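[1] Have a look at this fold, sequence not included:
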C-alpha cells in the first residue's frame with residue numbers, strides 16, 4: 001500500500017475512533033420527574049366528569065388529529081404535570097395505559113445518550129403539535145415511555161401559572177406505576193441506563209416483593225414496578241398501571257370528594273404496606289388514581305425508605 005494511503009487510512013481510523021469515543025461518552029442529562037400519564041377512554045364525558053368535576057383539574061387545552069377529530073385532552077395537575085386522556089379505547093380487552101412520560105432538561109442530549117447505550121431512539125427530534133420536543137421509546141415490558149422537554153412558546157409554557165384552581169384534589173403526581181415481568185430486565189433499562197434508584201420495596205407479605213419504588217435520578221417522583229400480576233384482565237391492568245396523587249391529608253381529601261358526591265363509602269382510606277395513608281379511586285375505565293400522603297404514619301413493611 002502506498003505511504004500516502006497508509007496516512008489516509010490511519011487518519012480515517014483515528015477519526016472514526018474519536019467519533020465512537022465521543023458517542024459512548026455522552027452523559028445523561030437530568031431526568032427531573034413525572035411529566036404526565038397518558039390514558040385511553042371510550043367515554044370522554046365520563047372521564048371529564050371524573051378528572052374535571054370530581055378531582056377538580058381544569059382542561060387548559062386540547063389537540064386535534066391532522067385528519068380531524070379530537071386526539072387528546074389535558075387535565076392540568078401543575079405547570080409541569082398533566083393527565084392526558086385519549087378518546088380512542090376500542091376494545092374492552094385493550095390496555096387503558098397509552099404511555100408514561102418523564103421530564104428532562106435536555107431532550108437532544110438524552111436522545112444521544114440513549115443511542116450511545118444501545119437504546120432505539122428516533123432518527124431526529126422536532127417540536128410536536130404542543131410545541132414541546134419529546135421522544136417516545138419502549139421499555140423492556142413494551143410500555144411506551146416518553147421523555148419531554150418543555151420549550152418556550154409551547155402550549156404548556158404559555159400557560160405556566162394558569163389553570164390551577166383551588167378545586168384540585170392534588171397539586172402533584174408523585175408517582176406512576178406499570179406492570180413489570182422481570183425486575184432484572186427492567187433494572188437494566190431504568191436503573192443502569194436511566195439512573196433511577198430504588199427507594200423502597202414491599203409486598204403483600206414480608207417474604208414476597210410485589211412492588212419496587214424507583215426514584216427518578218434528579219427529582220423526588222418515582223416509578224413503581226408492579227411485579228405481582230401475570231396475564232391480567234383489563235380491570236386488573238387498570239389497577240396496576242396507575243398514577244398516584246400526593247395530598248397532605250388523605251382524610252381531608254376523602255371528605256372533599258364525598259362532598260362532591262362521589263360514592264366512596266365502601267372504599268374508605270387505609271394505611272398501605274408502605275405505612276402511608278392512601279385512598280384508591282378508579283376512573284370510568286378502571287384506571288386507578290391513588291391519593292397518597294407523603295410520609296408514613298407507621299413503620300413500613302419489608303424495607304426502610306432510602307433517603308437520597
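    Noted; the coordinates are in hand. Note that the coordinates shown come from a computational prediction; the quantities given were computed from them, not determined experimentally.
[2] quick one, helices of the stretch 151-300 of the chain?
    Assigned by DSSP state H, counting those that start in this stretch, the stretch 151-300 of the chain shows helices spanning 155-158, 183-187, 234-240, 250-259.
[3] Looking at these, spot the one closest to residue 204.
    Closest approach to residue 204 among those is made by helix 234-240 (13.4 Å; C-beta to C-beta). C-beta here means a position set from N, CA and C on the backbone, and glycine is covered the same way.
[4] rewinding a little: include distance to residue 217, mean pLDDT and mean neighbour count when you put the helices of the stretch 151-300 of the chain into CSV, please.
    As requested, the helices of the stretch 151-300 of the chain are arranged in CSV below (distance: least, C-beta to C-beta, whole Å; pLDDT from 0 to 100; neighbours: other C-beta atoms under 10 Å):
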stretch, distance to residue 217, mean pLDDT, mean neighbour count
helix 155-158, 22, 98, 17
helix 183-187, 14, 98, 15
helix 234-240, 24, 87, 18
helix 250-259, 28, 98, 16
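[5] Residue 139 is nearest to which of these?
    With C-beta to C-beta, the closest approach to residue 139 among the helices of the stretch 151-300 of the chain belongs to helix 183-187: 7.0 Å.
[6] which residues sit against that closest one?
    139, 140, 141, 180, 209, 212, 225, 227 (C-beta atoms under 8 Å, 6 or more residues apart in numbering).
[7] Now do stretch 47-67: distance to the chain's middle.
    18 Å (C-alpha atoms, centre = their mean, to the nearest Å).
[8] in it, what counts as buried?
    47, 48, 50, 51, 52, 54, 55, 56, 57, 58, 59, 60 (16 or more other C-beta atoms under 10 Å).
[9] could you pull out the helices for the stretch 1-150 of the chain?
    Along the stretch 1-150 of the chain, counting by DSSP H, counting those that start in this stretch, helices occupy 3-24, 44-48, 107-116.
[10] which of the contacts of helix 183-187 are buried?
    Neighbour-count burial (16+ other C-beta under 10 Å) applied to the contacts of helix 183-187 gives 139, 141, 180, 209, 212, 225, 227.
[11] for the chain, which spans come out with low pLDDT?
    Along the chain, segments meeting pLDDT under 70 span 1-24.
[12] and it, what are its domains?
    Domain assignment of the chain by automatic domain parsing yields the ranges 31-158, 173-292.
[13] Which of the ones you listed sits closest to residue 307?
    Comparing these by C-beta to C-beta, domain 173-292 comes nearest, at 8.1 Å.
[14] Next, the distance between the ends of that closest one.
    From its first residue to its last, domain 173-292 covers 10 Å (C-alpha to C-alpha, to the nearest Å).
[15] What of stretch 118-134?
    End-to-end distance for stretch 118-134: 19 Å, by C-alpha to C-alpha.
[16] buried stuff in that stretch?
    121, 128, 130, 132, 133, 134.
[17] possible to save the buried residues of stretch 47-67 as a markdown table with distance to residue 237?
    Converted to a markdown table, the buried residues of stretch 47-67 look like this (distance: C-beta to C-beta, whole Å):
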| residue | distance to residue 237 |
| --- | --- |
| 47 | 17 |
| 48 | 22 |
| 50 | 18 |
| 51 | 19 |
| 52 | 24 |
| 54 | 22 |
| 55 | 21 |
| 56 | 26 |
| 57 | 23 |
| 58 | 28 |
| 59 | 25 |
| 60 | 28 |
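[18] Let me know the closest of those residues to residue 274.
    residue 55 (22.3 Å).
[19] how about the strands in the stretch 101-250 of the chain?
    Assigned by DSSP state E, counting those that start in this stretch, the strands in the stretch 101-250 of the chain fall at 133-138, 144-149, 173-179, 197-202, 211-215, 222-226, 242-246.
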